[in-house]
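>>> just to be clear, the model below is a prediction. Sequence and coordinates:
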Amino acid sequence: MNTATDPRPLLARATGQFASLVATVEPSRLDTPTPCSEFDIRALIGHVTGNTLAYALFAEGGSVEDEPGGIAKAPGGEWTAAYTAAGERLVAAGQGLDDNALDRMVNLGFATMPLRGALSAIVMEISAHTWDLHQALGGGHELDPELAVFSLAYARETLPPGRRGAPVPFEPVRPAPEGADAYGRLAAWLGREVPVDG
C-alpha cells in the first residue's frame, strides 16, 4: 500500500456497507456466532459501533483519554440507527480534516501513528468485520471489493505475520483457500478460518 493514500473517501463506503448489513439483522439472529470467535452478532455490531465512534473522536482531535472504550450499547436495541449515526460521525470527521491533518500523530492506546494510518486502520477494521457479519448471516449480499483490496494491502504492510499477540488483537495468519476473494484473504490474514467457498 502507498502510505500516501488518503483513506477518507473510503470511510463512507465502509461505514455505509456495514450499516446496510446491520439493517438486515433480525433480532432473533443477534446471538448467532461469527467467524470472529469472541463476538456473536450483537457483540460484533457493538464492537464495530464503539470503534467507529472512537476513531471519529480521534479524527475530531480527541485522544484515547477521552474515549470511553468498551462495546457500544444501542438504546432499545436500535442497532441500525446507532451504527448509522456512528458512521456518519466518522465520515463527517474525515471530511472536516484538511490534508495536513492526516500527518498528525494520534495515540490509539495500543499504538501511535499518523492519522492517515489510523483512518486506514478503521477502514480495515470495518471491512474485516463486515466479512464476519456477512458470513454469520449466510452471505447473499455483494460486498464492495475495493474496500477489501485496500484493507488487505494495509493489513499486509502493517500487520506482518510476526506481529501477532498482545497488543496486536489478531490471531496468527491462516492460509486462505485457493480462489478466495480479497475479503477471504483479508480474513485469513487477520486469523480467521475461511471456508472454501468464502
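Received the coordinates, thanks.

>>> longest helix in this structure, please.
helix 115-136 (DSSP state H).

>>> tell me which other helices or strands that helix touches.
Helix 115-136 makes packing contacts with helix 8-22, helix 41-59, strand 105-107, helix 145-158, helix 182-189 when contacts are defined by 3 or more Cβ pairs under 8 Å, 6 or more residues apart in numbering; DSSP states H and E. C-beta here means a position set from N, CA and C on the backbone, and glycine is covered the same way.

>>> tell me which of the ones you listed lies nearest to Ala92.
Closest to Ala92 of these is helix 41-59 (Cβ to Cβ; 7.8 Å).

>>> tell me the helix or strand right after the closest one.
helix 79-95 (DSSP states H and E).

>>> what are the buried residues along that following helix?
Residues of helix 79-95 classed as buried by neighbour count (16 or more other Cβ atoms under 10 Å): 79-80, 82-91, 93-94.

>>> before we move on, the earlier item: hey, least reliable of the helices and strands packed on helix 115-136 by pLDDT?
Per-stretch averages of pLDDT across the helices and strands packed on helix 115-136 put strand 105-107 at the bottom, with a mean of 91.

>>> Tyr183 contacts Asp132, doesn't it?
No: counting by Cβ atoms under 8 Å, Asp132 is not a contact partner of Tyr183; they are 9.9 Å apart.

>>> ok, the two, which is more surrounded?
Shown here are Tyr183 and Asp132; by other Cβ atoms under 10 Å, Tyr183 has more neighbours (27 against 24).

>>> show me what contacts the more buried one?
Each residue near Tyr183 by Cβ atoms under 8 Å, 6 or more residues apart in numbering is listed here: 127, 130-131, 134, 143, 145, 148, 198.
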